[in-house]
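A.B. asks: from the sequence below, what's the structure:
(one chain, ligands or ions: 1)
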Amino acid sequence: MFSFLAGPRRRRAGDRPPVPSGPLAIWMTCVEDGREHGVTDEEVARGSRHGGRYVAVCGHLVTPGSMTCAPGRRCRACHAALTPPARTRW
Ligand SMILES: [Zn+2]
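C.D. replies: Numbering: from 1, shown residues only. You can find the predicted model right below:
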């Protein structure tokens, strides 16, 4: 019933993907636990003035490794906090 109203939204060529609505963050791999944590842009600015360690979204104190190293496994808590919830279809 009413399936003609609930069809999937068609994307046209040139449509942009949806912009995430969560906080802006970058992912940093910590040399101490080997995991990739999310750090907000505000914390990046703060941490660069305080010894180069950053408080991740999950609360972990990140000591970033070399930018040339492969990223570690992503921290579940940071991932959950920074990933917008899936949209519910009605
Ligand atoms: Zn984390």
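
A.B. asks: which ones are touching T63?
C.D. replies: If you count contacts by Cβ atoms under 8 Å, 6 or more residues apart in numbering, T63 has them with 30-32, 52-53. For the C-beta atoms, the positions are set from N, CA and C on the backbone; glycine is no exception.

A.B. asks: separation between it and the ion?
C.D. replies: 13 Å (Cβ to the ion, to the nearest Å).

A.B. asks: okay, the least confident helix or strand in the chain by mean pLDDT in PDB with CA atoms only?
C.D. replies: None of the helices or strands of the chain scores lower by mean pLDDT, DSSP states H and E than helix 41-48, at a mean of 86. Only the C-alpha atoms of helix 41-48 are listed here, as PDB (Å, rounded to 0.1, in the frame of the first residue of the first chain):
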ATOM      1  CA  ASP A  41      39.600  19.800  14.800                       C
ATOM      2  CA  GLU A  42      39.400  21.800  18.000                       C
ATOM      3  CA  GLU A  43      41.500  19.300  19.900                       C
ATOM      4  CA  VAL A  44      44.000  19.200  17.100                       C
ATOM      5  CA  ALA A  45      44.500  22.900  17.500                       C
ATOM      6  CA  ARG A  46      44.700  22.500  21.300                       C
ATOM      7  CA  GLY A  47      47.000  19.500  21.300                       C
ATOM      8  CA  SER A  48      49.500  21.000  18.900                       C
END
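
A.B. asks: ranges for the strands of this structure?
C.D. replies: Here the chain has its strands, by DSSP state E, at 25-29, 35-40, 54-55, 61-62, 73-74.

A.B. asks: name the surrounding residues that touch the fourth one.
C.D. replies: If I follow you right, that is strand 61-62. Taking Cβ under 8 Å, 6+ apart as the rule, strand 61-62 contacts 28, 30, 37, 39, 53-56.

A.B. asks: using JSON lines, lay out these together with neighbour count.
C.D. replies: Putting these into JSON lines (neighbours: other Cβ atoms under 10 Å) gives the following:
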{"residue": "M28", "neighbour count": "24"}
{"residue": "C30", "neighbour count": "21"}
{"residue": "H37", "neighbour count": "28"}
{"residue": "V39", "neighbour count": "23"}
{"residue": "R53", "neighbour count": "13"}
{"residue": "Y54", "neighbour count": "24"}
{"residue": "V55", "neighbour count": "16"}
{"residue": "A56", "neighbour count": "23"}
